[in-house]
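[1] Build me a structure from this.
(3 chains)
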Amino acid sequence: MSDSPGKAEGAFPEFLAEPADLVAEKLLGCFFERTIGQQRLLARIVETEAYDQDDAASHSHRGRTARNEVMFGPSGRLYVYFTYGMHYCSNVVTGEDGHGSGVLIRAAEPVEGISKMEKLRGLEGRNLANGPAKLCQALGIDLQLGGHDLRKDPLRLLEGGLLPGENTTRTTRIGISKARHLLRRHYITGNPYVSRR
DNA sequence: GTCCCGATCCCCT
DNA sequence: GGGGATCGGGACC
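    Here you go, the predicted structure:
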């Protein structure tokens, strides 16, 4: 890649306590910085989905359980869940403490440590993190990082933004059966690392 | 306790 | 475009 994918500011985002829809949009262009041993992995978020307790499609909709507890806690933590018997997905917890909300990170553009991501995925090419479970696999995220504070190693969320000429849009979400009409999926228009469908 | 299904991905066709 | 893999949570008995 010769084009610059934007700069990681290094700062932790200040807006995570805002409602999930706002956060979902603002997280576009931000980064995950994952440290595995001596290896630094950097990925730029390009696709997100908002969920909260008033949303029938959300894990938090039916109230607190041991599984979704993290969603109800303070913003800035990671909610990881296991699904389909073999996949993990990551959410950034958002909103006020006590409100069950979060943003599913659906896709990211690999920026640094790409060969390590390829090893973790067991694949090469462009499909490293263009899906929520692929992204977790590429960054080595599983339930051990459930509840992790994203201000700290080994997984940090870093502020970032859109490049000149980039735009975002929102559509209905992917793979849900309830609340299908809500426009809570956000992505960077035309970005090749957004998931297909 | 039992049953059903899912915020998915990969491979084959 | 379709099916299989694989298992924890939640609904219901």
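[2] For the lengthiest strand in chain A, which helices and strands make contact with it?
    Secondary structure of chain A per DSSP state E: the longest strand is strand A:39-52. Secondary-structure packing of strand A:39-52 (3 or more CB pairs under 8 Å, 6 or more residues apart in numbering; DSSP states H and E): helix A:20-26, strand A:31-36, strand A:101-112, helix A:114-121, helix A:132-138, strand A:185-188. C-beta here means a position set from N, CA and C on the backbone, and glycine is covered the same way.
[3] Need the winner for burial among those.
    strand A:101-112 (a mean of 26; mean count of other CB atoms under 10 Å).
[4] could you give the mean pLDDT of it?
    For strand A:101-112, mean pLDDT rounds to 97.
[5] Pull up the pairing partners for that strand, direction included.
    Strand A:101-112 has the following strand partners under DSSP bridges: strand A:39-52 (antiparallel), strand A:87-93 (antiparallel).
[6] what's around residue A:195, how many residues?
    Neighbour count of residue A:195, defined by other CB atoms under 10 Å: 18.
[7] what sits against it?
    For residue A:195, the contact set (CB atoms under 8 Å, 6 or more residues apart in numbering) comprises A:47, A:106, A:107, A:130, A:131, A:174.
[8] Quick check: residues of chain A near DNA strand B?
    Contact residues, chain A versus DNA strand B (CB under 7 Å from any atom of the strand): A:49, A:51, A:57-60, A:71, A:79, A:81, A:83-87, A:89, A:91, A:102, A:104, A:121, A:123, A:127, A:131-135, A:173-177, A:195.
[9] Buried only: go through these for me.
    Listed as buried from these are A:49, A:51, A:57-60, A:71, A:79, A:81, A:89, A:91, A:102, A:104, A:121, A:131-135, A:173, A:176, A:195; burial here means 16 or more other CB atoms under 10 Å.
[10] Any chance of CSV for the contacts of residue A:195, columns distance to residue A:152?
    Below are the contacts of residue A:195 laid out as CSV (distance: CB to CB, whole Å):
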residue, distance to residue A:152
A:47, 25
A:106, 24
A:107, 24
A:130, 27
A:131, 26
A:174, 30
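[11] Looking at these, which one is closest to residue A:165?
    residue A:47 (18.0 Å; CB to CB).
[12] Who is the residue minimising distance to the centre of chain A paired with across the strands?
    Residue closest to the mean C-alpha point of chain A, counted by CA atoms, centre = their mean, is residue A:105 at 2.1 Å. Note on residue A:105: beta-bridge partners by DSSP bridges are residue A:48.
[13] Now for whichever residue of chain A sits closest to DNA strand C, which secondary structure element holds it?
    Relative to DNA strand C, the nearest point of chain A is residue A:85 (2.6 Å; CB to the nearest atom of the strand). According to DSSP states H and E, residue A:85 maps onto no helix or strand at all.
[14] Then residue A:59?
    Assigned by DSSP H and E, residue A:59 falls outside every helix and strand.
[15] residue contacts, it?
    By CB under 8 Å, 6+ apart, the neighbours of residue A:59 are A:51, A:67, A:68, A:71, A:81.
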